[in-house]
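Trainee: Got a sequence here, can you build the structure:
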Amino acid sequence: MTAVGIAGFGTFFPDAVETAADLTLRTGIPEAVLREKMGIRQRHIAGPDDSVTAMASQASLRALEMAGVPAGEISAVISHGSEHKDHLVWNAAAKIAHNVGADNAYAFEVYALCAGAPIALNVARGLLLADPSVRYVLLAAGSRENDLVNPANERARFMLNFGAGGGAMLLERGAMKNLVLGASALTDGTLSESVILTASAAGDVPPPNPDLRGMLDVTNLQYMGERLGAVSLENFVRVIREAVERGGARMEDVRFLGITHMKRSFYLQILEAIGLTPEQSVYLEDYGHVQSVDQVLAIELGLAQGKIKPGDLIVLAGAGTGYTWSAAAVRWG
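Mentor: Numbers count the residues shown, from 1 in each chain. This is a model prediction of the structure:
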């Protein structure tokens, strides 16, 4: 049977960083709370030239370089990054394809907010398996969602971990390594309007784009907190288990979890629930939450820290407002 694997990957982060101490000055939240409870030591901040497509394109070029694949061999480019992008009502994937020289590719977007990476992996896998003429699909994402969070808005403080950056993965049909085995996702539509842009959330802070109607806000903080508290752990465990089992493996086989950045206590709770330890994952406290870039960043850090070894079954998981949970299982090496 034809297999699909990750031929190359890459990340890009702006040089500028904002530390926990910097955030304390802007928010009044004690530095110890930011570091220990919210898990923010620092996050990267985009400059004027660090658009979503620019960061995604830089990460994509690194993925292509790792794979040793010319851009002209890419059949499709899928952007699964932020909707807060260069322009409104616009296909960012087309610009990314142009930037990297994928002139023979068609380009489109898959948008699932912070649950986007595992879902995009599954979409690309399906495309590659269904069409023998397609050999390479580029997945690219960029985010500077932190632009949309007013630090004075207490309802949005759980989003203070948002950071900027780009990530990319090149998927290959007929691959012999880093095989994408299975995936799962589920959505709780009762939370579909839990986080939206509102004018009131901006307060006295001007939106980063004059065409935007405001900044990110929580419409019903009490309901969101209660609902997520009731279902989020269960839903994370479910999609992780389903992705593993659909890939023909068992939960006992999982050796590494690459997951969206979140508050430290919940991160540790998820690891415990699936039978892993912090030594079998990476916590993104020096990057924060970079939307659907988190998963490829986790692979990069996991390999650099020796936590991912050849033959390991790894799981990439995420969750995004809407509210969707997702996971993909990959046999590394």
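
Trainee: Let me see the residues that make contact with the helix or strand of the chain with the lowest mean pLDDT.
Mentor: None of the helices or strands of the chain scores lower by mean pLDDT, DSSP states H and E than helix 199-202, at a mean of 91. Helix 199-202 is contacted by residues Asn150, Asn153, Arg155, Ala156, Arg213, Gly214, Met215, Leu216, Asp217 when judged by CB atoms under 8 Å, 6 or more residues apart in numbering. From N, CA and C alone the C-beta is placed, and that goes for glycine too.

Trainee: and the two most separated of those residues?
Mentor: Arg155 and Arg213 (16.6 Å; CB to CB).

Trainee: which one of those two has more residues nearby?
Mentor: Arg155 (18 against 12; other CB atoms under 10 Å).

Trainee: Please report how far that one lies from Thr219.
Mentor: 9 Å (CB to CB, to the nearest Å).

Trainee: Distance from the chain centre to the longest helix along the chain, please.
Mentor: If you go by DSSP state H, the chain has its longest helix at helix 221-246. The chain centre lies 17 Å from the centre of helix 221-246; the measure is CA atoms, centre = their mean, to the nearest Å.

Trainee: ok, and what's touching the helix or strand following that helix?
Mentor: Remark: after helix 221-246, the chain's next helix or strand is strand 254-259, criterion DSSP states H and E. For strand 254-259, the external contacting residues (CB under 8 Å, 6+ apart) are 236, 240, 244, 267, 270-271, 274-276, 280-282, 294-295, 297-299, 302, 307-309, 312-318, 329, 332.

Trainee: Just the buried subset of the residues you listed, please.
Mentor: 236, 240, 244, 267, 270-271, 274, 276, 280-282, 294-295, 297-299, 302, 307-308, 312-318, 329, 332 (16 or more other CB atoms under 10 Å).

Trainee: quick revisit: I'd like the contacts of helix 199-202 written out as a markdown table, with secondary structure, pLDDT and distance to Pro14 added.
Mentor: A markdown table is the format used below for the contacts of helix 199-202 (DSSP: H, G, I helix; E, B strand; the rest coil; pLDDT from 0 to 100; distance: CB to CB, whole Å):
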| residue | secondary structure | pLDDT | distance to Pro14 |
| --- | --- | --- | --- |
| Asn150 | coil | 95 | 21 |
| Asn153 | coil | 94 | 23 |
| Arg155 | helix | 94 | 27 |
| Ala156 | helix | 94 | 22 |
| Arg213 | coil | 85 | 26 |
| Gly214 | coil | 91 | 24 |
| Met215 | strand | 95 | 20 |
| Leu216 | strand | 96 | 20 |
| Asp217 | strand | 96 | 25 |
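
Trainee: tell me which of those residues is nearest to Val134?
Mentor: Leu216 (36.0 Å).

Trainee: how about the closest one, what does it touch?
Mentor: Counted by CB under 8 Å, 6+ apart, Leu216 has contacts Glu145, Leu148, Val149, Ala156, Met159, Val195, Ile196, Leu197, Ala201.

Trainee: at 7 Å instead, please
Mentor: Leu148, Val149, Ala156, Met159, Val195, Leu197, Ala201 (CB atoms under 7 Å, 6 or more residues apart in numbering).

Trainee: What residue in the protein is the furthest from its centre?
Mentor: Distance to the chain centre peaks in the chain at Asp204, reaching 29.7 Å (criterion: CA atoms, centre = their mean).

Trainee: Quick check: the gap between it and Phe266.
Mentor: Taking CB to CB, one finds Asp204 at 32 Å from Phe266.

Trainee: quick one: the strands in the stretch 51-200 of the chain?
Mentor: All strands of the stretch 51-200 of the chain, identified by DSSP state E, counting those that start in this stretch, fall at 76-79, 106-109, 136-143, 165-173, 179-187, 195-198.

Trainee: outside of the fifth one, which residues touch it?
Mentor: Right, the one you point to is strand 179-187. 3-5, 115, 118-119, 121-122, 125, 235, 238-239, 242-244, 246-249, 322-331.

Trainee: now the angle between strand 165-173 and that strand, please.
Mentor: If you take axes from the mean of the first three to the mean of the last three CA atoms, to 10 degrees, strand 179-187 sits at 120 degrees to strand 165-173.

Trainee: which residues touch the most centrally placed residue in the chain?
Mentor: With distances taken as CA atoms, centre = their mean, the residue of the chain nearest its centroid is Ser292 (1.6 Å). Contacts of Ser292 were listed using CB under 7 Å, 6+ apart, and they are His80, Gly81, Cys114, Gly116, Ala117, Ala141, Gly318.

Trainee: Not counting sequence-adjacent ones, nearest residue to it?
Mentor: Gly116 (3.6 Å; CB to CB, 6 or more residues apart in numbering).

Trainee: Surely that neighbour and Glu109 touch.
Mentor: No. The criterion here is CB atoms under 7 Å, and Gly116 misses it with Glu109 at 9.5 Å.

Trainee: And those two? Which one has more around it.
Mentor: The neighbour count for Gly116 versus Glu109, taken as other CB under 10 Å, is higher for Gly116 (30 against 19).

Trainee: Sweet, I'm off.
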